[in-house]
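Undergrad: The sequence and its predicted three-dimensional model are supplied below.
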Amino acid sequence: MQNNNPLVSIIIPTHNRATLLPKAINSALAQTYKPIEIIIINDGSQDNTDEIVEKFKKKHSNIIYLKHEKPKGAPAARNYGIKFAKGEFIQFLDSDDSIAKEKIEQQLNSLNKTNADMSICDYSNFRSDDEISILVNEVKNDSNLMMKVATGGSVCILTPLIKKTLVDKAPLWNEKLLKNQDVDYMLKLFILCKSYVYTTGYYGNYCHYSINRISDLYRMSPPEYRKRISSLFIFGLSKWKIIPLRNWLYFFIALSKMIFWLWPISIFKILYQKFTING
């Protein structure tokens, strides 16, 4: 790799993950591609995260450490990292996951060949408990991902390598959502992107641990369709000039599907309240 390669920013939010964070950091440091900067955002941790990160900082000058004194959630932490990112490309990485050492190099090769806005790779699902990790399944992203996100599907946030120009065009992570923030964010990225490229290879490792993730609070909350519908509608109004024409189909599919799901939920709530009060 030449020294004039563009900088890549790896953004790692973390909350009380001191025992798992080193694995994520080491996977970022091990990248065959250089140069990279690693931006770690401590989202109000009360464990020894400070101590862990400071040890890494002493050895590696490309680590940037940011802190929230009180927890604000993963979306706010990622937004904080985006603000400080100097790279031409963005890689999101949660503090309990990891990436293969050749991920960024392989995906940048794909982006350079195609001039796409982002590259999506495959990933592996692991279930872990202490030192033992068991492969659950492997997920390929070779399908029509535009249709997948438009119909409510999720693209694992550690799989894309994204041009910073696309990140700058997109809205920030929605800090008001209590669930599906990654689905919301990836949908907007796909709607705005002129093109994406699929890079074959299982370069991401998504890990399910017995201890809580930074986003567990969100998983216990119901889907917030009203907030997502409002957010997507405002997004469409504010970005209509830069949304590629062919992507409007996916925008309307996404909006229609959320509205379709909102009506049964609203009716169920009304009936539930009615019978609860009458009972």
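TA: That came through, no problem. Numbering: from 1, shown residues only.
Undergrad: contacts, neighbours, all on C-alpha from now
TA: Will do.
Undergrad: Look at the residue nearest the centre of the chain and report its pLDDT.
TA: Most central in the chain under Cα atoms, centre = their mean is residue 157, positioned 3.2 Å from the mean C-alpha point. At residue 157, the model reports a pLDDT of 96.
Undergrad: close enough to count as contact, it and residue 93?
TA: Yes: here residue 157 reaches residue 93: they are 7.5 Å apart, a contact under Cα atoms under 8 Å.
Undergrad: returning to that earlier point: can you pull the contacts of the residue nearest to the centre of the chain?
TA: With Cα atoms under 8 Å, 6 or more residues apart in numbering as the criterion, the residues that contact residue 157 are 92, 93, 182, 186.
Undergrad: cool, and residue 28?
TA: Counted by Cα under 8 Å, 6+ apart, residue 28 has contacts 10, 38, 98, 99, 101.
Undergrad: Now do the SS call for the closest residue to the last one other than its chain neighbours.
TA: By the measure of Cα to Cα, 6 or more residues apart in numbering, the closest residue to residue 101 outside its immediate chain neighbours is residue 31, 4.3 Å from it. At residue 31, secondary structure determined by DSSP: H, G, I helix; E, B strand; the rest coil is coil.
Undergrad: Then residue 10?
TA: strand.
Undergrad: now it: how far from residue 202?
TA: 18 Å (Cα to Cα, to the nearest Å).
Undergrad: The two - which one has more neighbours?
TA: residue 10 (26 against 18; other Cα atoms under 10 Å).
Undergrad: Would you state the helices of the stretch 151-279 of the chain in chain order?
TA: Assigned by DSSP state H, counting those that start in this stretch, the stretch 151-279 of the chain shows helices spanning 164-169, 181-192, 216-219, 225-239, 248-278.
Undergrad: If you average pLDDT over each of these, which is lowest?
TA: Looking at the helices of the stretch 151-279 of the chain, the weakest mean confidence is helix 216-219, a mean of 42.
Undergrad: give me the number of residues near residue 88?
TA: 16.
Undergrad: OK, contacts around it?
TA: Applying Cα under 8 Å, 6+ apart, the residues contacting residue 88 are 6, 7, 8, 9, 163, 164, 165.
Undergrad: same question, residue 135
TA: 124, 125, 126, 127.
Undergrad: And for residue 190?
TA: 146, 149, 196.
Undergrad: Buried only: go through those for me.
TA: With burial judged by 16 or more other Cα atoms under 10 Å, the buried subset of the contacts of residue 190 is 146, 149, 196.
Undergrad: returning to what we had before: may I see the contacts of residue 88 organised as a markdown table, with neighbour count added?
TA: Converted to a markdown table, the contacts of residue 88 look like this (neighbours: other Cα atoms under 10 Å):
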| residue | neighbour count |
| --- | --- |
| 6 | 15 |
| 7 | 18 |
| 8 | 25 |
| 9 | 27 |
| 163 | 22 |
| 164 | 21 |
| 165 | 13 |
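Undergrad: Perfect, that will be all.
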